[in-house]
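>>> fold the following and give me the result.
(one chain, ligands or ions: 1)
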Amino acid sequence: MARRVLITGITGQDGVYLAEQLLSEGYQVFGVVRGQRSVCDPNRRPLRPEIKLLSGDLLDQSSLIAAVETAQPDEVYNLGALSFVPVSWRQSNTAAQITGVGVLRILEAVRVVAGVTASVTPGANCPRFYQASSSEMFGKVRRTPQNEQTVFHPRSPYGVAKVFGHYMVQNYRESYGMFAVSGILFNHESPLRGPQFVTRRVSLAAAAIKLGLHDELRLGNLDAQRDWGFAGDYVRGMVQMLAQDRPEDFVLGTGVTNSVRELVDLAFRHVGLDWRDYVRADPGLLRPAEVDSLCADSSRARQKLGWKPEVSFEELVAMMVDADLRLLSDDREMAAEAMLATLR
Ligand SMILES: Nc1nc2c(ncn2[C@@H]2O[C@H](COP(=O)(O)OP(=O)(O)O[C@H]3O[C@H](CO)[C@@H](O)[C@H](O)[C@@H]3O)[C@@H](O)[C@H]2O)c(=O)[nH]1
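Model prediction:
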């Protein structure tokens with residue numbers, strides 16, 4: 001019998017890569033989607049038809065219970081979130097509800113359907129649970145690099161909500177004996193990244209300017225530094241975490257930090273342009289509080305999971321810019337216009 005997996009956030013970048021990996025391993029994949037999902041979602045590969053979509057919402061407890069009851073999963077991955085940090089200041093209550101309390105709701109759905117109570121140590125019948133924790137939880141860092149022992153100091157409603165979810169997972173593990181783990185993932189990108197995130201904004205702009213479709217790129221803080229890796233490498237790490245003998249949290253990141261300025265320089269050089277001719281600072285894109293610099297120490301994952309990223313920062317930027325050159329060169333691609341609109 002095929003193993004069954006339930007994924008929230010299945011239409012997002014990580015959901016698409018994770019579903020593809022698990023389908024290739026023979027899993028039966030169920031995805032939770034809100035409302036009606038369009039078959040033609042700009043920017044996203046159509047979801048594979050083998051995936052069974054279930055209606056549900058991280059804001060709605062009973063819909064999650066119903067999804068878990070229907071899927072009867074062996075594993076649950078909670079990748080759903082309001083994931084764009086700036087929006088979490090403008091919609092802080094929604095961010096708290098989806099990104100924070102949403103974790104509690106899906107944990108509760110798993111616990112209730114499996115019939116786990118405080119007095120009973122669950123047997124093999126309780127699904128294994130993965131939570132998408134984030135390096136944004138480290139926020140204002142005092143020590144670099146960051147690992148599983150680093151203290152949290154979140155700098156946005158998004159980061160605070162992720163800390164809530166992280167500790168809920170730890171509590172369900174300790175209170176109920178559930179196999180529940182969090183992957184503390186540093187920034188991970190790909191050609192499927194949403195156009196509001198800085199890597200995709202830059203790759204789209206470099207490609208659009210090269211093709212004569214656009215003439216400038218507005219950016220916020222060029223000095224911010226991130227540890228950027230390739231999303232495909234990171235979903236491999238998620239799967240490895242759930243395959244461990246004991247539930248444990250892991251940091252995943254490359255250990256290499258670059259600034260937004262370095263990202264822009266690389267992307268524009270890839271298409272033979274000098275970024276200084278096109279990039280404009282836009283104070284409207286600065287955040288109320290910034291996470292200045294992040295760098296992962298993922299030595300625990302490297303030792304215990306045998307995980308390591310395969311794609312370098314340079315390869316990642318080239319992959320994203322090349323994908324956007326193809327996307328924007330294709331007149332038949334309806335997504336191209338929607339993508340360009342995000343730069344205006
Ligand atoms: N988005 C964006 N960011 C900009 C811009 N200009 C500078 N930046 C800076 O670029 C950095 C990265 O921003 P994002 O790509 O939006 O990602 P993030 O805030 O680091 O959050 C992402 O990574 C987290 C993991 O650490 C995820 O948890 C989160 O959901 C998201 O994917 C931030 O310091 C931001 O201020 C801009 O025009 N747009």
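>>> for the chain, just list every one of the strands.
Counting by DSSP state E, the chain has strands at residues 4-8, 28-33, 52-55, 75-78, 128-134, 180-185, 188-189, 217-219, 225-226, 229-230, 250-252, 258-259, 279-281.
>>> distance from stretch 234-252 to the middle of the chain?
Computed by Cα atoms, centre = their mean, to the nearest Å, the chain-centroid distance of stretch 234-252 equals 15 Å.
>>> if we can go back for a sec, turn the strands of the chain into a markdown table, including distance to the ligand, mean pLDDT and mean neighbour count.
In short, each C-beta sits where N, CA and C put it, glycine included. As requested, the strands of the chain are arranged in a markdown table below (distance: least, Cβ to the nearest ligand atom, whole Å; pLDDT from 0 to 100; neighbours: other Cβ atoms under 10 Å):
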| stretch | distance to the ligand | mean pLDDT | mean neighbour count |
| --- | --- | --- | --- |
| strand 4-8 | 14 | 98 | 26 |
| strand 28-33 | 18 | 98 | 24 |
| strand 52-55 | 23 | 97 | 16 |
| strand 75-78 | 13 | 98 | 26 |
| strand 128-134 | 3 | 98 | 25 |
| strand 180-185 | 6 | 98 | 26 |
| strand 188-189 | 8 | 98 | 26 |
| strand 217-219 | 4 | 98 | 19 |
| strand 225-226 | 5 | 98 | 22 |
| strand 229-230 | 10 | 98 | 25 |
| strand 250-252 | 10 | 99 | 27 |
| strand 258-259 | 9 | 98 | 16 |
| strand 279-281 | 9 | 97 | 14 |
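>>> mind checking which of the ones you listed is nearest Val87?
strand 128-134 (14.5 Å; Cβ to Cβ).
>>> tell me what angle that closest one forms with strand 4-8.
Relative orientation of strand 128-134 and strand 4-8, computed by axes from the mean of the first three to the mean of the last three Cα atoms, to 10 degrees: 30 degrees.
>>> show me which residues of the stretch 51-200 of the chain sit near the ligand.
Contact residues (Cβ under 6 Å from any ligand atom) of the stretch 51-200 of the chain with the ligand: Ser83, Val85, Ser134, Ser135, Glu136, Phe186, Asn187, Gln196, Phe197, Val198.
>>> point out where the stretch 1-150 of the chain drops to low pLDDT.
For the stretch 1-150 of the chain, applying pLDDT under 70 flags the ranges 36-45, 119-124.
>>> ranges for the helices of the stretch 151-300 of the chain?
157-176, 198-210, 231-242, 260-270, 299-300 (DSSP state H, counting those that start in this stretch).
>>> distance-wise, check Leu273 relative to the ligand.
For Leu273, the distance to the ligand equals 18 Å [Cβ to the nearest ligand atom, to the nearest Å].
>>> turn the residues of the stretch 51-200 of the chain next to the ligand into JSON lines, including distance to Leu217.
Output for these, formatted as JSON lines (distance: Cβ to Cβ, whole Å):
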{"residue": "Ser83", "distance to Leu217": "22"}
{"residue": "Val85", "distance to Leu217": "19"}
{"residue": "Ser134", "distance to Leu217": "26"}
{"residue": "Ser135", "distance to Leu217": "25"}
{"residue": "Glu136", "distance to Leu217": "24"}
{"residue": "Phe186", "distance to Leu217": "24"}
{"residue": "Asn187", "distance to Leu217": "19"}
{"residue": "Gln196", "distance to Leu217": "14"}
{"residue": "Phe197", "distance to Leu217": "14"}
{"residue": "Val198", "distance to Leu217": "10"}
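>>> which ChimeraX command selects the buried ones in those residues?
One line in ChimeraX is enough to select the buried ones among these; burial here means 16 or more other Cβ atoms under 10 Å:
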select :83,85,134,135,136,186,187,198
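>>> near the ligand, which residues of the stretch 201-344 of the chain?
Checking the stretch 201-344 of the chain against the ligand by Cβ under 6 Å from any ligand atom, the hits are Arg201, Leu219, Gly220, Asn221, Ala224, Arg226, Val260, Leu285, Arg287, Glu290, Val291.
>>> list buried residues within the residues you listed.
By neighbour count, with 16+ other Cβ under 10 Å, these hold Arg201, Leu219, Gly220, Asn221, Ala224, Arg226, Val260, Glu290, Val291 as buried.
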